[in-house]
Every structure is written in C-alpha cells, then in structure tokens.
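**Q** Make a model of this:
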Amino acid sequence: VPVLTQLGYAAGLFLLIPLGDVTQRKRLIVVQFLVLAAALAASATVTTLPLLLLASLLLGLTATVSQQIVPLAAHLAAPERRGQVVGLVMSGLLSGILLSRTIAGFVGSHAGWREMFWLGVPVALGGAALMALSLPRSQPDGRRPYLQLLLSMASLWRELPQLRRAALMQGLLFATFSGFWTVLVFRLQDRFGLGADMAGLFGIMGLAGILARRCPDGWRKQEGLTWLSQAGQR
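**A** Reported below is the predicted structural model:
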C-alpha cells in the first residue's frame, strides 16, 4: 500500500504538475483537492485489498497538489522576493509532512487507520475551499501541447547539469527520509515496545531543523542550539 502511494505520487509529479503550464493552475489545484478528498474517503471505506491498492494509487497521484502550489507561488511573487516566497511555502510543506506523521501515529494507535483517512477528508475539502477563495486567477505562460511538455523534460535533463545534481541529491535525501521512517516504527516496537504514536513524536524533533532555518542568524547561533540540546535530552 505505501509503495503504490509513492508510485502514484511520482506519477503525479510527472503527469499532473506540467498541466499547470497549459491550464489555469487555480482550477487545477481546486480540482486536485476535491479528487484527493474522494481518494481519502475511498481509502477509508474499501473492504478489499485490490480496492485499497487502487485508492492508494489515486491518493498518491492527487496528493501532488501541494507541488502545484509551489510554482504558482513563484509565479505570483515579485522577482526579488521569489526565493523567499518559495522557501516559506516549502517550509510550510515540510512542516506539514512532519506534523502529519505525529498526528497519524496518534490517531492510528488510538482510533485506527481508517479514522486517519477520514480525518484527511475535511482537511482536503477545506484546502479546496481555501484555494478557491484566496488564490488569484493566473493564465498559463505558454500554449505548448501537453505531450510536448512531457517530452521537454528529457531535453532539460540533458542540457542542465545543475538539474541532474539537484535531482540526484533530492532523490537520495528522499530515500534516506523514507528509510528512516520505515525502520523507526519497527525498531521502536521490537526493541522498546513502543507504538506508532511514539514514533510520530519524532516528527516534532524534525521541526527543529525547519524552525532553525527560518529564524534569524543570531537566534540560530545562540537560542537555537540551546533549544535543540534541551529538546534532545528530553
């Protein structure tokens, strides 16, 4: 189930993100949130493994809606603030990933895995409503055919060594991230008798790195190190 969810996410990155270059991205984001809510509801109600696998694939595919927001934020920001805006959006995205692990561990341990999917349904619907009300309409920059956009990624890969290095680095980071969270739950269970809720608490520690990155330099060098040391001891 997790593997198919990740494969769906990878497919969404390749197949859905380029749609933002040929269609109105606000509408695309809202529609993806709505389909994501349907996929979450399906995951919570299915009774057979094949249907759960199919729902997981759709769930991963539509969860790439967060990656639609990043280029839209870059498009709307002034050139001199583009890096700052993208960094802020990515900090929120990473914080959500880590905190969702904490919440999922608690809900899964005390209520059940289906309830975690049900909890995601109103969140996705709320995201759709918020994006529909707050995002401005933005027209795509170009009118290149969708298939041509997909094929252009191969030429970008060949022509931009910086892109290849960044892709390799991020792929290795993602593999490390996934490996850590996969092993952590079993390790805590087998060695210490702790459940998924305790494993989820490690997500809070992960927030320390994000907060330290977003805080001023003076804070990072002084209070930040003290706070990390105390949190680690606890």
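**Q** can you list the weak-confidence ranges in the protein?
**A** Along the chain, segments meeting pLDDT under 70 span 141-142, 213-234.
**Q** Try it again at 50.
**A** Residue ranges of the chain with pLDDT under 50: 218-221.
**Q** give me phi/psi at G195?
**A** Note on G195: backbone dihedrals following degrees, to the nearest 10 are phi -100, psi -170.
**Q** Contact partners for the spatially closest residue to it that is not a sequence neighbour?
**A** Among residues not flanking G195 along the chain, S109 sits closest, at 4.7 Å (Cβ to Cβ, 6 or more residues apart in numbering). Every C-beta, even on glycine, is put in place using the N, C-alpha and C of the backbone. Applying Cβ atoms under 8 Å, 6 or more residues apart in numbering to S109 gives the contacts G195, A196, D197.
**Q** the helices in the protein, which residues?
**A** 2-15, 25-45, 49-62, 65-76, 82-110, 113-134, 146-159, 161-187, 196-200, 202-214, 217-219, 225-233 (DSSP state H).
**Q** chain center to the longest one: distance?
**A** Distance of helix 82-110 from the chain centroid (Cα atoms, centre = their mean, to the nearest Å) equals 7 Å.
**Q** Name the residues of it that come out as buried.
**A** Judged by neighbour count using 16 or more other Cβ atoms under 10 Å, the buried positions of helix 82-110 are 85, 89-90, 95, 98, 100-109.
**Q** for stretch 16-32, same thing?
**A** Within stretch 16-32, the residues scored as buried using 16+ other Cβ under 10 Å are 16-22, 25-26, 28-30, 32.
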